[in-house]
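In: Starting from these lines, generate the structure:
(2 chains)
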Amino acid sequence: MEGTAVLGRLNWQVAEVADVWPETDRVKTLALDVEGWPGHRAGQHVDVRLTADDGYQAQRSYSIASTAGGSRVELTIEQIDDGEVSPYLTEEARSGDRFELRGPVGGYFVWDPNPGGSVLLVGGGSGVVPLMAMVRQRVANGDTVRTRMLYSARSWEDVIYRDELERHDQRVDGFEIVYTLTREQPPGWKGYGRRVDRELLAEVAPEELAVAFVCGPTPFVEAVAEGLVGLGHEPARIKTERFGPTGG
Amino acid sequence: MPIVSRGFRGRRRDDAPRDRVPPGQYVTDDFPVLSAGPTPHTPLDEWDFTIVGEVDEQHRWTWDEFRALPSETITVDISCVTKWTKLDMVWEGVPVDALLDGVETSAEYVTAFCDGGYTTNLPLADLTGGKAWIASGYGGEPLEPEHGGPARLLVPHLYFWKSAKWVRGLRLTETDEPGFWESNGYHIYGDPWKEQRYWGD
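Out: Okay, the predicted model is just below:
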């Protein structure tokens, strides 16, 4: 795997928007070209820095959605209504625009192709983004580790990467996805329809769990992590990433 | 001059004094939570705080002994490496100076260790001289578990990951031994005013 080590300083690099597409009403993916991008591991994030014409700057961190490959880096960003950076990236940015980025950052919440057992990925809302990078990396690597994703979204329309996840679910390579739709379920819905609780986790979490990656808003991550611990899974096997009510 | 992002204006806060907000940070009124794993819940009758490592003898306090130490109210600004800065946070805590009083050591560094296995490293000089506390209260209430309760290290002049949650003790060391985030891409020291976020900053 390329680019796994961070040597020396992470310098700001110019990212040029190559493409933008909607994932849901509130979420867009920006495909960026970053010349000289060193590569990254699935689960890592980048810092984005925007500069106004009077020199004012704002920085935020975003998870990388794509697998490593060449100069392309994809970020999937949920618009935070009173946010500062996400409304710009989701509403204003278009092909040809440029801003600064540095990374990749983080060596803990990253995909491990040989964890010694099954993997559970638990995402709440846009917390699915670094987990999607792992799912994509798993396919790109040809990894066979049994992997189950539990994805909590408000409604079917709020499910990010829906078509791609459905395609992955059709593959017979040890990956499967379980949804819970907490606010609104389509007619004939057969998945879960409530917030993740311990009973739900007991049904979904594999018994021989090697590692769980949990990402989402803080109350979601707290509930999932405590639920898994309550079911007897070792805390050290539960890796979390949280985003608070601010951010944006 | 960095490149200008077409059409970006930002949402600037006029109430954020620039001399209190380090570079690259934004002011928030929330208290976001960041942890690498589940929140531990150690019963207070099993909790203790120890000073170990390069010391003449191990020093240990039970929860009741720790709570009996004189504590201070501290009002400070906190900066997290994830970019938020929160002004005027009011904590209650025991100065680390009080815990190190009478401890004989030649160590120059400290590893704070915690429930859940988290560690972080600091120069000893950054924990002494009224610069650090073991905090067990926030906003006039006991510190909540998700924010590090029953007690966390509080080192306001460094990025907040140095203020280790669920802290259970200090291990004094001769050398600077990278802790959890310091081994995972984050800066060995973490001064927000020098924007020491990551390795090499």
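In: Spit out the contact partners of A:Val129.
Out: A:Tyr62, A:Ser63, A:Ile64, A:Ala65, A:Thr76, A:Gly123, A:Ile160, A:Cys215 (Cβ atoms under 8 Å, 6 or more residues apart in numbering or on different chains). Where you see a C-beta, it was placed from the backbone N, CA and C, and this is true even at glycine.
In: Please compute how far the host helix or strand of it lies from its chain's middle.
Out: For A:Val129, the host element (DSSP states H and E) is helix A:128-141. Centroid separation for helix A:128-141 versus its chain: 8 Å, with Cα atoms, centre = their mean, to the nearest Å.
In: Residue of chain B closest to chain A, please.
Out: B:Pro32 (2.9 Å; Cβ to the nearest Cβ).
In: near chain A at all, the strand ranked longest in chain B?
Out: As assigned by DSSP state E, the longest strand anywhere in chain B is strand B:84-95. Yes. Using Cβ under 8 Å from any Cβ of the partner chain, strand B:84-95 reaches chain A at B:Trp84.
In: Which residues does that strand contact?
Out: By Cβ under 8 Å, 6+ apart, strand B:84-95 touches A:244, A:246-247, B:16, B:20-22, B:25-32, B:66, B:69-79, B:130, B:132-140, B:151, B:154, B:192.
In: of those, buried ones?
Out: With burial judged by 16 or more other Cβ atoms under 10 Å in any protein chain shown, the buried subset of the contacts of strand B:84-95 is A:244, A:246-247, B:21-22, B:25-28, B:31-32, B:66, B:71, B:74, B:77-79, B:132-138, B:151, B:154, B:192.
In: Got phi/psi on A:Gly227?
Out: Reported as degrees, to the nearest 10, the phi and psi values for A:Gly227 are phi -60, psi -40.
In: That should have said A:Val14, apologies.
Out: phi -80, psi 130.
In: For B:Ile134, see how far away B:Arg152 is.
Out: B:Arg152 is 8 Å from B:Ile134, where distance means Cβ to Cβ, to the nearest Å.
In: Give me the common contacts of the two.
Out: B:Val167.
In: Break down chain A into its helices, ranges please.
Out: Remark: helices assigned in chain A by DSSP state H are A:86-87, A:128-141, A:162-170, A:198-204, A:218-230.
In: Domain parsing of chain A, as residue ranges.
Out: A:13-105, A:118-243 (automatic domain parsing).
In: ends of the shortest one, how far apart?
Out: End-to-end distance for domain A:13-105: 14 Å, by Cα to Cα, to the nearest Å.
In: so A:Gly230 makes contact with A:Arg198?
Out: Yes. Contact criterion Cβ atoms under 8 Å: A:Gly230 and A:Arg198 qualify, at 5.5 Å.
In: Which one's more surrounded, these two?
Out: A:Arg198 (16 against 12; other Cβ atoms under 10 Å in any protein chain shown).
In: which one is that one nearest to, not counting chain neighbours?
Out: A:Gly227 (4.3 Å; Cβ to Cβ, 6 or more residues apart in numbering or on different chains).
In: repeat for B:Pro145
Out: B:Thr39 (5.0 Å).
In: Can you list the residue ranges for helices in chain B?
Out: B:63-67, B:96-100.
In: could you give me the average pLDDT of the last one?
Out: Pointing back at helix B:96-100 there. Helix B:96-100 shows a mean pLDDT of 98.
In: before we move on, what about the first one?
Out: Within the predicted structure, the mean pLDDT of helix B:63-67 is 98.
In: can you list contacts of that helix?
Out: In contact with helix B:63-67 (Cβ under 8 Å, 6+ apart) are residues B:Leu44, B:Asp45, B:Trp47, B:Asp48, B:Phe49, B:Val94, B:Ile134, B:Ser136, B:Pro150, B:Ala151.
In: try 6 Å this time
Out: B:Leu44, B:Trp47, B:Phe49 (Cβ atoms under 6 Å, 6 or more residues apart in numbering or on different chains).
In: Quickly list what the last one is bridged to.
Out: Listed beta-bridge partners, B:Phe49: B:Trp61 (assigned using DSSP bridges).
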